[in-house]
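Engineer: quick one: sequence and predicted model below, then my questions.
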Amino acid sequence: DAGVIQSPRHEVTEMGQEVTLRCKPISGHDYLFWYRQTMMRGLELLIYFNNNVPIDDSGMPEDRFSAKMPNASFSTLKIQPSEPRDSAVYFCASSEQGRRSPLHFGNGTRLTVT
Amino acid sequence: KNQVEQSPQSLIILEGKNCTLQCNYTVSPFSNLRWYKQDTGRGPVSLTIMTFSENTKSNGRYTATLDADTKQSSLHITASQLSDSASYICVVSEGDAGNMLTFGGGTRLMVKP
């Protein structure tokens, strides 16, 4: 398996522009998570899905952020409009059912908003 | 408030030496504790997962311990290698489903030749 695949690896955009981050989870995994990592705050959960259904989006910073999972093999995280404080590394992770199942992370998208 | 505190924040050791990283947590109800390794520019990779009844778990040169009474865990790295240079993140899972994770701030380890 190729693991969790994220695209793009790097994104540089201007304030106010729309940004879409993409994620392909590991086939057969029931859970998909979106995290944000910054030096100041570490890893923060934004939202997670179970069987394509959003379960907890309490970590989404504000209405400018939205996430979708139209099918079991694809998810997007959209920021519209983007702001400089959104600059961070965004990780997608997936896992199987079960409390002992490890998270498998993608290599992240480094977002820079100027 | 659930918290996971790691120490030290950073550590430099010489290749071949051993080291121990610490993790204290206040997460409740406890489900399991995980250690992840994150190389620069990459996503975290799982090293170990321990439940309440497990007090030690090894993965090669990595050995994690858990004391659920004192809510402390440690990650011991034996005979360090240059490739061990990374951030090590302690993560505690709460609740029955175990999906709610609280992340520590990580320990940045540098192994020098």
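Structural biologist: Yep, it's here.

Engineer: direction included, what does the worst-scoring helix or strand of chain B on mean pLDDT pair against?
Structural biologist: Across the helices and strands of chain B, mean confidence by mean pLDDT, DSSP states H and E is lowest for strand B:100-103: a mean of 88. Partners of strand B:100-103 in the sheet, by DSSP bridges, are strand B:86-94 (antiparallel).

Engineer: how about low-confidence regions in chain A?
Structural biologist: Filtered on pLDDT under 70, chain A yields the residue ranges A:1.

Engineer: what residues does it put near chain B?
Structural biologist: Within reach of chain B by Cβ under 8 Å from any Cβ of the partner chain, chain A has these residues: A:4, A:31, A:42-45, A:48, A:55-56, A:91, A:93, A:98-100, A:102-108. All C-beta atoms are positioned from the backbone trio N, CA, C, and that covers glycine.

Engineer: redo that, cut-off 6 Å
Structural biologist: With Cβ under 6 Å from any Cβ of the partner chain as the criterion, chain A meets chain B at residues A:42, A:43, A:91, A:99, A:100, A:102, A:105, A:106, A:107, A:108.

Engineer: and the fifth one, which of the three is it?
Structural biologist: The local conformation at residue A:100, judged by DSSP: H, G, I helix; E, B strand; the rest coil, is coil.

Engineer: what is the neighbour count of it?
Structural biologist: 14 (other Cβ atoms under 10 Å in any protein chain shown).

Engineer: do the same with residue B:17
Structural biologist: 12.

Engineer: where in chain B is pLDDT low?
Structural biologist: Within chain B, the stretches with pLDDT under 70 are B:96-99.

Engineer: hey, where'd the strands end up in it?
Structural biologist: Ranges of strands in chain B, per DSSP state E, are B:4-7, B:10-14, B:19-25, B:30-38, B:45-51, B:56-59, B:62-67, B:72-77, B:86-94, B:100-103, B:107-112.

Engineer: reformat those strands as TSV; add mean neighbour count.
Structural biologist: TSV is the format used below for these (neighbours: other Cβ atoms under 10 Å in any protein chain shown):
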stretch	mean neighbour count
strand B:4-7	17
strand B:10-14	13
strand B:19-25	19
strand B:30-38	22
strand B:45-51	19
strand B:56-59	14
strand B:62-67	18
strand B:72-77	20
strand B:86-94	22
strand B:100-103	20
strand B:107-112	17
